[in-house]
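K.L.:
everything below, folded, please.
(chains A and B, ligands or ions: 1)
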Amino acid sequence: MNGHRLAEQFSTFAKQDHAARLGMWGFLGSEVTLFGGLFALYAAYRAMYGHEFVAAVGHNNLAIGTINTLILLTSSFTVALTVWAARAARSKLIAPLLGLTILLGCVFLLLKGIEWSQHFHQGILPGLHYRNREMQEFGAKVFFTLYFIMTGLHAIHVVIGIAVLGWFAVQAGRRLYTPEHHVTLEMATLYWHLVDIVWIFLWPAFYLMRG
Amino acid sequence: MSAAAPAAQNSPAPDYLHDGSGIASWLLTRDHKRIAIMFYVLIVTFLFLGGIFALVLRTELLTPERTIIDATTYNRMFTMHGVTMVWLFMIPAIPNIFGNFVLPPMLGAKDLAFPRLNLASLYVYAIGAIVVLAGMVAGGADTGWTFYVPYSAETKTAVAPVVAGIFILGFSSIFTAINFIATVHTLRAEGISWMRMPLFAWGIYATSIIMLLATPVLALVLVLVAIDHLFGFGVFNPAIGGDPVLFQHLFWFYSHPAVYIMVLPAMGVISEVVPTFAHRRPASYTAIAISSLGIAFVGFLSWGHHLFVAGMSELDAGIFGGLSMFVAIFSAIKVFAWTGTLYKGSIAFRTPLLYFFGFLFLFIFGGMTGVAVATQGLDVHWHDTYFIVAHFHFIMVGGTITAFLAAAHYWFPKMFGRMYSERVGLLASAAVFIGFFFTFFPQFLLGNLGMPRRYYAYPAHFQFLNVLSTGGAWLLGSAMLLALGNLVVALKYGKPATANPWHSRSYEWLSASPPITHNFEETPVIRRDPYCYVLSEHESRERSFPPSETAA
Ligand SMILES: [Cu+2]
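P.N.:
Model prediction:
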């Protein structure tokens, strides 16, 4: 698949690009309702177990959470630069920039993994497997179950994003993106921005809202 | 595909059925019409599977105690009936068969915006269906199609594969929705402004928005049920402080709008059938088009009416009840617009129109009972009784089935280039209606008398109405067989159809019957609206293609 060929159902490239953008935004809309459902659950349980949620947020590693936020924000910047590079006819820069973004994504996952393994050592596990002795309340159990589900689902999105960007890096190595034709690359970066934006909401929910 | 249709008149290009032969030309096609036909075959198969489940259920209920199956089999059977009918038939039926086939030519387009995504949608549907079927073979779930926790997390039946299958089917819905939305936005032919789109396209567009935004919530809630069932990760499990009622909120956030995923395309079909056979412009195009969007919007805000007895404040219940009634207002606008269209029309009394009358009755009756159950006081009396079963079968199933059959007859000449037997079609249509009425009308009475739904056994004094309902179900099943048998016979033996046998003005009829692969030999440029019955057929055709080339 490359963005250069005009499919027979379209009369112009402009229409084809418009359709691709619409399709991608539609998909992003569906992702928003997916995570929206989880945030709604979070809000409902937070209303139910306010104090216990505050205590549990306090237990999470604010440093790792914040560093991960900075990492993802940086990666959003590097991925946005690829579109700039395509527009400015500097397609040589695209593959390295995508590589850098992927690297940042991997560091994010690594830190997330470290954080999870810390939780596991403390007996903090999802659902019925929860074993922690210091925080025994219902609210803490629900909080950490949501934490694992939401950050886990987000991590799956990061992994998919890395795979997608990797594929585009290979394509970029073949100089497929030009100032006129780079709509598919643009779509891939949009997906990465979504991953970033979801985290921007997870960060306060699980690290910042301590009071 | 046995439809040996004649080549279209004056057409050098082969029609889509003959453009390439062999299995691969079908399985790897990107033609929206061939994909639609493959959906057709699969979806009708599941319609009959779900129908067989229903007949087993109704036969079991002939007598107050055991008739043919035991209680656990009965529980599994009604779950599988619901799952099959909701996710394998009603949700995809009209959008994926008729939407897929008709939407591009209705917009004067050669194909959908993303043909490969369309084919992917078909395969994802097939895979999801196989996984659901595997779950059924593995014993099937016994939770009911709503998978309420905590029971769905605890039951030993095959919840996981069934839920996984529905999860996969969700992707098919999302793919199709993205495709339809992008197509409506970008592939309308020159001259087809938004307000010149055929009303079916409006219905499909509104449906797609619901599919796109509601399906992910279903996917989410199913994943949460599945990981609870498999690994004990439940966020709804009271053992860790979870709240099962939150499951119900999320589930109905999808499943109430899902009703409109079923009904809006059905309304779209009706909005095409009525003007065509009344030979008259719709009484209000704008009202029909915009009320679809209104239903889509309000549909997202009324899920709470399923939770009136699950613990909800009176204020919330009042708000949800009120919002639910808004849907009835939008629906009533449509009903008046349709019936107003018939007034002073020159009516051609054909099978699709007869299905419309069936639709109208079931829809009004089902809708009125819907307004009744949206009031909290009445719902508490009827909740979980056969009254609810009868209500949603009238409106959802009655609406979808009659519109589905109307569409199957209405677009049959376009799809296959043949005419079906009108006499058999009319007979089957009447029989479907009578069968449907006798199946579900007694259930309103049973519910009002207090017979609970989902129960395997019942007191002897309910038997008379149950026998009536079962008899109706058998009639309905036979009538469906007759209707579809009539179409299957016509595939091979039907008279060749002209390009526009109903003399419709809608744009899809500008193509040949069956259409060529790119739908139109020349790209339409439309200088009229799709319901301009004041113009002659010839004139409206002339105003549909670039002037220089239509001279011949
Ligand atoms: Cu509802």
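
K.L.:
for the longest helix along chain B, name the packing helices and strands.
P.N.:
When chain B is parsed with DSSP state H, its longest helix is helix B:244-278. When contacts are defined as 3 or more C-beta pairs under 8 Å, 6 or more residues apart in numbering or on different chains; DSSP states H and E, helix B:244-278 packs onto helix A:13-48, helix B:91-92, helix B:199-231, helix B:285-299, helix B:314-342, helix B:351-373, helix B:399-410. The way it works is simple: take the backbone N, C-alpha and C, and place the C-beta from them, glycine included.

K.L.:
closest residue of chain B to chain A?
P.N.:
Proximity of chain B to chain A (C-beta to the nearest C-beta) peaks at B:Gly241, 2.5 Å away.

K.L.:
give me the angle between the helix or strand of chain A with the lowest mean pLDDT and helix A:13-48.
P.N.:
Across the helices and strands of chain A, the lowest-confidence element by mean pLDDT, DSSP states H and E is helix A:50-59, at a mean of 91. Here helix A:50-59 points in a direction 120 degrees away from that of helix A:13-48 (axes from the mean of the first three to the mean of the last three C-alpha atoms, to 10 degrees).

K.L.:
which parts of the next helix or strand after helix A:50-59 are buried?
P.N.:
Remark: after helix A:50-59, the chain's next helix or strand is helix A:62-87, criterion DSSP states H and E. By neighbour count on 16 or more other C-beta atoms under 10 Å in any protein chain shown, the buried set for helix A:62-87 is A:65, A:68-69, A:71-72, A:74-76, A:78-83, A:85-86.

K.L.:
now, the most widely separated pair of these?
P.N.:
Farthest-apart pair in these is A:Gly65 and A:Ala86; separation 32.8 Å (C-beta to C-beta).

K.L.:
hmm, back to that, next, format the helices and strands packed on helix B:244-278 as TSV and append distance to B:Gly144 and mean pLDDT.
P.N.:
Shown next, in TSV, are those (distance: least, C-beta to C-beta, whole Å; pLDDT from 0 to 100):
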stretch	distance to B:Gly144	mean pLDDT
helix A:13-48	21	93
helix B:91-92	17	94
helix B:199-231	13	91
helix B:285-299	22	89
helix B:314-342	22	88
helix B:351-373	18	90
helix B:399-410	20	96
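
K.L.:
so which of these gets nearest B:Phe440?
P.N.:
helix B:351-373 (8.6 Å).

K.L.:
what packs against that closest one?
P.N.:
helix B:244-278, helix B:314-342, helix B:376-382, helix B:386-392, helix B:399-410, helix B:422-449.

K.L.:
out of those helices, which one sits most buried?
P.N.:
Comparing those by mean neighbour count (mean count of other C-beta atoms under 10 Å in any protein chain shown), helix B:399-410 comes out on top with a mean of 27.

K.L.:
what's next to it, contact-wise?
P.N.:
B:90, B:93-94, B:97-98, B:262-263, B:265-267, B:269-270, B:272-273, B:276, B:350-353, B:355-356, B:358-359, B:362-363, B:366, B:420, B:425, B:429, B:432-433, B:436, B:480, B:483-484, B:487, B:502 (C-beta atoms under 8 Å, 6 or more residues apart in numbering or on different chains).

K.L.:
can I get it in PDB, CA atoms only?
P.N.:
The C-alpha trace of helix B:399-410 is given here as PDB (Å, rounded to 0.1, in the frame of the first residue of the first chain):
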ATOM      1  CA  GLY B 399     -39.100  -3.600  12.300                       C
ATOM      2  CA  THR B 400     -36.000  -5.300  11.100                       C
ATOM      3  CA  ILE B 401     -37.500  -8.400   9.600                       C
ATOM      4  CA  THR B 402     -40.200  -6.600   7.700                       C
ATOM      5  CA  ALA B 403     -37.800  -4.000   6.400                       C
ATOM      6  CA  PHE B 404     -35.200  -6.600   5.700                       C
ATOM      7  CA  LEU B 405     -37.700  -8.500   3.600                       C
ATOM      8  CA  ALA B 406     -39.000  -5.300   2.000                       C
ATOM      9  CA  ALA B 407     -35.400  -4.500   1.000                       C
ATOM     10  CA  ALA B 408     -34.700  -8.100  -0.200                       C
ATOM     11  CA  HIS B 409     -37.700  -7.800  -2.600                       C
ATOM     12  CA  TYR B 410     -37.300  -4.100  -3.500                       C
END
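
K.L.:
and whatever residue of chain A ends up closest to chain B, what's its pLDDT?
P.N.:
Closest residue of chain A to chain B, C-beta to the nearest C-beta: A:Phe138 (2.5 Å). Model confidence at A:Phe138, given as pLDDT, is 88.

K.L.:
likewise for B:Leu61?
P.N.:
Predicted confidence (pLDDT) for B:Leu61: 92.

K.L.:
gap between the two ends of stretch B:15-34?
P.N.:
End-to-end distance of stretch B:15-34 (C-alpha to C-alpha, to the nearest Å): 11 Å.

K.L.:
and it, average pLDDT?
P.N.:
For stretch B:15-34, mean pLDDT is 91.

K.L.:
in it, which residues are buried?
P.N.:
Burial within stretch B:15-34, assessed by neighbour count using 16+ other C-beta under 10 Å, is assigned to B:Asp15, B:Tyr16, B:Leu17, B:His18, B:Asp19, B:Thr29, B:Arg30, B:Asp31, B:His32, B:Lys33, B:Arg34.
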